Each structure stands twice: as C-alpha cells, then as structure tokens.
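Chemist: one predicted model, sequence on top.
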Amino acid sequence: MTYQDPSAPGAARHESSLESRYRKLLHAVPDAILEVDQDGRITILNEAAERMFGYTRAELLGLNVDSVVPASMRSGHAEHRASYAAHPKTRPMGTGLELQGQRKDGSLFPVEISLSPNWIEGSLHVIASVRDITERKSVENRLRTLREQYTAELTVKNEQLEARNQEVERANRLKTEFLASMSHELRTPLHTIIGFSELLSEQLEGPLTEKQQRFVGHILQDARHLLELINEVLNISKIESGRLELKPESFDFSQCVEEVMAGIRHQAASKNIQLENQNTFHDSLYADRVRIKEILYNLLNNAVKFTPEGGRVWIGAERQGEGLHISVCDTGIGIPEKEQRSIFEKFYQVGDTTGGVREGTGLGLAITKHLVELHGGAISVASQPGKGSSFRLVLPLIQEQAA
Amino acid sequence: MKKILIADDKATSRELLRTVLERQGYEVMEAADGEEALQKALTELPDLILLDLQMPRRTGYEVLGELRKDPRHAALPIIALTASAMQGDREKALAAGFTGYLAKPVALVHLREEVQRLLQTATDGTDSPAS
C-alpha cells in the first residue's frame, strides 16, 4: 500500500505557490507534526518528525502511529484514539500524564502532544503536534532536585532552630521554676525566724533586757532585709527573662502620686523631712499603675533614705509635648559623678558615701530602670555630693487603644 | 472557746502559730500533713483552719476540696498559708474557695487580724444550721 505524501519536500512543482509556502511552514516547525487517519496510520509528517523518531519519511508513512508509542502505553492507545474520535476537538493529549515517545531504536523520550481533528472527505484524521520536552524535563528535574535539596536543608535547619528554641524555653521554664521553688524554700525558714523574733520583741513570753531587745531587733531587721532581697531577686529575674508583663490601664496620675506619698510620709516624718508634691499633671496616664507606683515609691524611698534629718524631698511632674516628665529630688547626701552611671546596675551600692545609711538590696534602682524602660521611658540622674540628687524620668504619653 | 486547726508540716511553724493564737485565747489543734488535717477537720470540727498549701500526703488545695464537699464545712473559714507568694497566688487561692490568704513570712499583726476578722464574720454572718 502506498501513500501519496503531499507534504514531501519535493512534492510541489511551484515552489512559490501558497501550498509550497504552507509546506515550508510545516517543515520549519521544531515540533514533530503527524497526521494520522482513522485506522491510526501516519498520512502526513514533517521533517522534525523524522529527526525526532529516527525514522525516514518513507518508513513513517503508512506506519501505525502505535509504533512511536512506548510498548507500555501501546495497549491503551487504540482506546484513547477511539475516545478522541467520539469528542474530536483541539486539546492536549493525556493531560496530567507523563507521555513518552519511542524512537526507532527503541529509546524513549518525554513528549507533550496536542491533538486536533482534521475532517477529510467525511473521515476523521487527527493532527498530532509532538514536542520533545527532554530538555525542559531535565531542567525541571534539576530544579526539582535543587528545590528538594534546599527544602531538605531548610527543614534540617528549621528543626535545629526549633530544637534550640525548645531548649531555651525549657531552660527559661526551669529557671523560673527554680526561682519559684528557691523563693519558697527561703521564705519557709524566714517565716519562723521573723515570726519568733517578733514574738520575742513583743515580750509577751517574758521581759527582755535592753541589750536582748536590741539583738532581737537586729535579727528582725536583717531577716526582713533578707526577705526584701529574695523578693527583689525574684522580681528582677522575672523582668530579665521577659516574664514580667505590663498591665496598662488609664488611671488618675495625681491620685497615684498621693498614694505613694502617703506610703512614704511616716518614714519622712520620722526623720523630720519635708515632703512636697509639686505635680502639675492631673490627667489620666495610660500605663501599668502598680509598676508606676513601684517606680515612684522606689525613688521617693531612696530620696528619704539618703536625705539627712531636717532635709527636703519633693516630687514634680509635668507634661512636655508627648512626654510626662517626672522628677524626684532631695537635699540628701548626693552621688559622686563617677558613680552616677553605675547606680542603675544590679547590686551596686554607692561606695563609702552612704554615710551610715543602712544598705538596701542594691536592686531597687536596677528594677526601677527596667520598669521605666518597659514603659518605653528613660531615667537619668543629676546629683551634687553634699547638695542632693534629682532623678528625672520621661514616660511617653500613650493614648489607650480604642479596643 | 473557738477552736482553730493549724495544718503545717513544719513543726516550728506550727509552734509559732500555736503560741500566737493561744495567747489570743483560742483552742489550738495541730496537723502535720494534709491527710491528718482532713481527718482532724472532720472529727474535731474546728471553727477555723490555717491550711498550708504545700504539705505531704495531701496538698492544701486537696484538703480544701474535700472539706468543701461536706455541707458542714461549706462556710468554714479556711485560711491558705503559703511561702510561695508568687503574683496571682492569692487570687488563685480565693477563687478555689479559701476564705483568707496569708503569705509566709506572716506578720503577726496580720495573722491576729485575719483570724479575728474571719471568726467574727463567720459568727455574725450566718447561724449554721448545725448549731
């Protein structure tokens, strides 16, 4: 059986005719183009088809198209052709499948195929446009390999990071648990030390000599100091591990100042220190009320502590632009210039200048600074030894978020 | 004479509390762990309990839970005693059903006030159907 091949390069007599131009077009296409009749035999092909499948034009003409389909797919191919005949329209073949072509030497290569119906004198021919996608596949494979490699590396790194995070979290949790249980263990004996000292000093169990009273007083005082230390160590650990969360609310700032002043008044009066409130900010402040009180109390408490008998301590506050400027000043013993930076450090005690004032925990100002900074504020000190000190802090005036 | 049960696993703490409360004129009983506290609370029917939260055998919370199940002890003043004193401990204790809360170290003045206040409230408040 011979097939007339209108697409053969030499078929046309008139090279300039439209038909000839179409033929050149056909042969210029890099994809293999085949026309197959209803029995599956190849009726038209282009040069790319010869190169792609490794057959000569003569071999391909009349060859059943199943021959260029891999053996593994051949059995279903006739069926596919039948189903295409039922719905003949232009569409890609085997969408979602990995299609392959088979060369004459039996080797396989990946292809992409587009099918179009071609009605010839009432009989359905199919035009198959076959694209060799070997190169694209290999690029895709390379990309996929790279992507998989990167994904794998990233996964490993993420896992490492996750493990490290968990370790840090665990360490933090252990630290908190340790501090909590340590605090508990330390308070338990302090409970009875302080309690029995109090009992003794009440002298309900019998009178004490003056000396004994003084000794019991020392025990009581130092035990309370120890308790204060434990509380503040716990406090600063919470701040440093980021576990201290502010609970901001809108509150009356002047009332807050009054409350803190009331808490310090007795102490000031006992040293005959004049305590003045020069606050001019009477609006509400949006901040953590308890912590702001703690800040003010720490500063006022220090001021009273380091101011000699008959001195003066005053607190001032005023709005300046978007900030609330607060100052706590005293006519106390002051802080030498070279120590003014260090006083905000943990456990720092101003050297020999405390002049007989009983030591604090050395944590009060460090905690104060932390609390101010947690509020987005800043604290500084100006002081002249022998004249007094002035602690200044600026808190941003933040509007409460309309929830 | 009002009866107070002190439940604390530390003997020195029990002696401290006993000394202070006996001076105030109360009758004092002691329990050294949670189980003993529960048994004494059920048999001796104290007017108030000072209950340490961390005790062997049964924690203060467990003892509280058992006692509150009994209608006779539903309104009994029970003060939580704890050396833990973390933020939120008081709220947690009161929410669980404790009537009062004292953090160790307990200032004696607070101890006396709290005990007196709760016994006063218990007496003024409701006449328990049992009495």
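Modeler: Perfect, thanks for sending it.
Chemist: report the helix or strand with the lowest average pLDDT across chain A.
Modeler: Every helix and strand in chain A was compared by mean pLDDT, DSSP states H and E; the lowest is helix A:71-86, with a mean of 80.
Chemist: in it, which residues are buried?
Modeler: Within helix A:71-86, the residues scored as buried using 16 or more other CB atoms under 10 Å in any protein chain shown are A:73, A:77, A:81, A:84. In this view, the C-beta of every residue, glycine as well, is placed from N, C-alpha and C.
Chemist: one more: stretch A:161-178?
Modeler: So for stretch A:161-178, counting by 16+ other CB under 10 Å, buried means A:Thr176.
Chemist: report whether it contacts chain B.
Modeler: No. Using CB under 8 Å from any CB of the partner chain, stretch A:161-178 stays clear of chain B, coming no nearer than 9.6 Å.
Chemist: mind checking pLDDT for B:Ser84?
Modeler: B:Ser84 carries a pLDDT score of 80 in this model.
Chemist: tell me the contacts of it?
Modeler: Residues near B:Ser84 by CB atoms under 8 Å, 6 or more residues apart in numbering or on different chains: A:180, A:183-184, A:187, B:53-54.
Chemist: what about B:Leu67, which SS state?
Modeler: helix (DSSP: H, G, I helix; E, B strand; the rest coil).
Chemist: show me the contacts for it.
Modeler: Neighbours of B:Leu67 in contact, by CB under 8 Å, 6+ apart: B:38, B:41-42, B:49, B:73, B:76, B:78.
Chemist: could you rerun that using 7 Å?
Modeler: For B:Leu67, the contact set (CB atoms under 7 Å, 6 or more residues apart in numbering or on different chains) comprises B:41, B:73, B:76, B:78.
Chemist: so what's the residue count around the closest residue to A:Arg74 other than its chain neighbours?
Modeler: Excluding the flanking residues, the one nearest A:Arg74 by CB to CB, 6 or more residues apart in numbering or on different chains is A:Asp66, at 5.1 Å. Close neighbours of A:Asp66, defined as other CB atoms under 10 Å in any protein chain shown, add up to 18.
Chemist: please apply the same query to A:Leu115.
Modeler: Around A:Leu115 there are 20 other residues, counting by other CB under 10 Å.
Chemist: and the longest helix for the chain?
Modeler: No chain specified, so I'll use chain A. helix A:134-202 (DSSP state H).
Chemist: that's the other chain; I wanted chain B
Modeler: Per DSSP H, chain B has its longest helix at helix B:108-125.
Chemist: circling back to that earlier point, ok, the contacts of B:Ser84 vs B:Ala95, which is closest?
Modeler: Nearest to B:Ala95 among the contacts of B:Ser84, counting by CB to CB, is B:Leu53 at 13.6 Å.
Chemist: all the strands of chain B, residue numbers only.
Modeler: B:3-7, B:27-31, B:48-52, B:78-82, B:100-103 (DSSP state E).
Chemist: dump those strands to CSV, plus distance to chain A and mean neighbour count.
Modeler: CSV is the format used below for those (distance: least, CB to the nearest CB, whole Å; neighbours: other CB atoms under 10 Å in any protein chain shown):
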stretch, distance to chain A, mean neighbour count
strand B:3-7, 13, 23
strand B:27-31, 15, 19
strand B:48-52, 10, 28
strand B:78-82, 8, 24
strand B:100-103, 8, 19
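Chemist: list the beta-bridge partners for B:Glu27.
Modeler: B:Lys3 (DSSP bridges).
Chemist: hmm, A:Leu246 is touching A:Gly376, no?
Modeler: No. At 9.8 Å, A:Leu246 and A:Gly376 do not qualify as touching, with contact defined as CB atoms under 7 Å.
Chemist: and the residue nearest to A:Arg74, how far from A:Ile42?
Modeler: According to CB to CB, to the nearest Å, A:Asp66 stands 10 Å off from A:Ile42.
Chemist: what residues does chain B put near chain A?
Modeler: B:10, B:12-13, B:16, B:19-20, B:23, B:83-86, B:104-106, B:108 (CB under 7 Å from any CB of the partner chain).
Chemist: what's the farthest-apart pair in these?
Modeler: B:Arg23 and B:Met86 (31.1 Å).
Chemist: need the contact list for B:Ala32.
Modeler: Here B:Ala32 is in contact with B:Asp9 (CB under 7 Å, 6+ apart).
Chemist: tell me the phi and psi of it?
Modeler: phi -100, psi 0 (degrees, to the nearest 10).
Chemist: please apply the same query to A:His370.
Modeler: Main-chain dihedrals, A:His370, degrees, to the nearest 10: phi -60, psi -50.
Chemist: contacting residues around it?
Modeler: Contacts for A:His370 (CB under 7 Å, 6+ apart) come out as A:Ile239.
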